[in-house]
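> Got a sequence here, can you build the structure:
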Amino acid sequence: RIANDARLREKISFFLVKDPLPNQEEILDPLNWPQVLFVAGPDVARDPAVILRTAISSIGIATAWYGSIAPFLANSKLLDRATETMELADAGMPSDLSWLSEMSIPLFVSFFALQLTHEAAHLAVAKSKGFEVTVPTLVPSVMTGITSSITSLKTSPKNKQDLADFAVAGPLVGMISSILALCYGLVLTATADAATVQTFPGLPLAILRQSSLGGGLIDLFLGNGVLNVPASAEAAQVLASTLIALHPLAVAGFISLVVNALALVPAGRTDGGRLSLAIFGRSGSQGITFVSLASLFILGIQSDLTLFYFAFLVFCQSELEIPMRNEIDDVDFSRVVVALFAGFLVLLTLIPMS
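Numbering: from 1, shown residues only. Here you go, the predicted model:
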């Protein structure tokens, strides 16, 4: 009756959940846990803080632009050209750096287009399931351009299955799109002539080896052990000094693959945290969050990127998601299979090459 009464829906929200405070004197069966109907006001979502989110996204766009220019300046020839231009400017002579912006725009656009596939998948699922979400907030990062995009829930999903579909759709579509972009970019890299390769952006060998999936694809397409590191005392120096020239689309695909994989780390209010909540419930997802954060911290010993993301999760994304209208019914097995496949891609992406 409440669900069909528009006037009541505008005044109250109701949620069928497992009893958080059951009678301790009773013998509790985990498969038959007591249920309660939780009643709240019409707005259970957090304050969207539009001004703050807009400011954060503006900084995120700026760092993404910086992240598009930096790989080109890692190319020594392009860096020398830019340095000469800046010296002319310092001397009061005519100078023009528009060539650097023109070279960086394709990388910038490609990266954001891949992030758009992530958000478009989220929006499509939310609309099909009948709940509302906020405009994405771009979280800045000096390492990857953006660390993540936060799309908050404005209204509650119907059940765990709807939340699982929403959570996994964005990162999975984003990772698949990124893999396709990376592969095509590597084909363009492998078939480019020597003069063209000298104008490509470069990524340090140390960054490329932080992803077994991304690095493995680079090794596969470019061959000749391009990411190999000698087993000697010189290895650290090689990692720090070697740059691999890649087509801008390959750079965008590699960075986007890592960003989308990080989004599926099961912690707090991230996409991975929502997927964990849908499959394991609130109590189970808290344990999963602890294991995920510990794993990220350990990986962070070898990877500055995962250590930065660990800090981002701890300080910004540690809370659980708003309740679903029905938190009793579990997801079906097909969602578990999709989650396992997505988790496999995440592990391949985030575990460094040996």
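> how many neighbours does residue 281 have?
A total of 18 residues lie near residue 281 under the criterion other C-beta atoms under 10 Å. The way it works is simple: take the backbone N, C-alpha and C, and place the C-beta from them, glycine included.
> Can you give me the pLDDT of it?
The predicted local distance difference test score for residue 281 is 86.
> List the residues that contact it.
Residue 281 sits next to 18, 327 when contact means C-beta atoms under 8 Å, 6 or more residues apart in numbering.
> Can you tell me how far it is from residue 215?
From residue 281 across to residue 215, the span is 36 Å (C-beta to C-beta, to the nearest Å).
> and if you look at residue 159?
39 Å.
> Identify the residues contacting residue 216.
Taking C-beta under 8 Å, 6+ apart as the definition, contacts of residue 216 comprise 348, 353.
> Just the element for it, please.
helix 212-222 (DSSP states H and E).
> That helix: which residues count as buried?
Neighbour counts over helix 212-222 (16 or more other C-beta atoms under 10 Å) mark 212-215, 217-219, 221-222 as buried.
> Closest one to residue 326 out of those residues, please.
Here the nearest of those to residue 326, counting by C-beta to C-beta, is residue 213; it sits at 35.9 Å.
> Tell me how far the closest residue to residue 13 other than its chain neighbours lies from residue 281.
Taking C-beta to C-beta, 6 or more residues apart in numbering, and ignoring the residues beside it in sequence, residue 13 has residue 40 as its nearest neighbour in space, at 4.9 Å. Residue 40 is 19 Å from residue 281, where distance means C-beta to C-beta.
> Equivalent analysis for residue 319, please.
For residue 319, the distance to residue 281 (C-beta to C-beta) stands at 16 Å.
> ditto for residue 296
22 Å.
> Pass me the low-pLDDT residue ranges in the stretch 251-354 of the chain, would you?
Across the stretch 251-354 of the chain, residues meeting the criterion (pLDDT under 70) sit at 302-304.
> On the three-state scheme, residue 329 is what?
For residue 329, the secondary-structure state derived from DSSP: H, G, I helix; E, B strand; the rest coil is coil.
> Do I have it right that it meets residue 159?
Yes. Under the contact definition of C-beta atoms under 8 Å, residue 329 touches residue 159, with a separation of 5.4 Å.
> out of these two, which sits in the more crowded spot?
Taking other C-beta under 10 Å, residue 329 and residue 159 do not tie; residue 159 has more neighbours (19 against 12).
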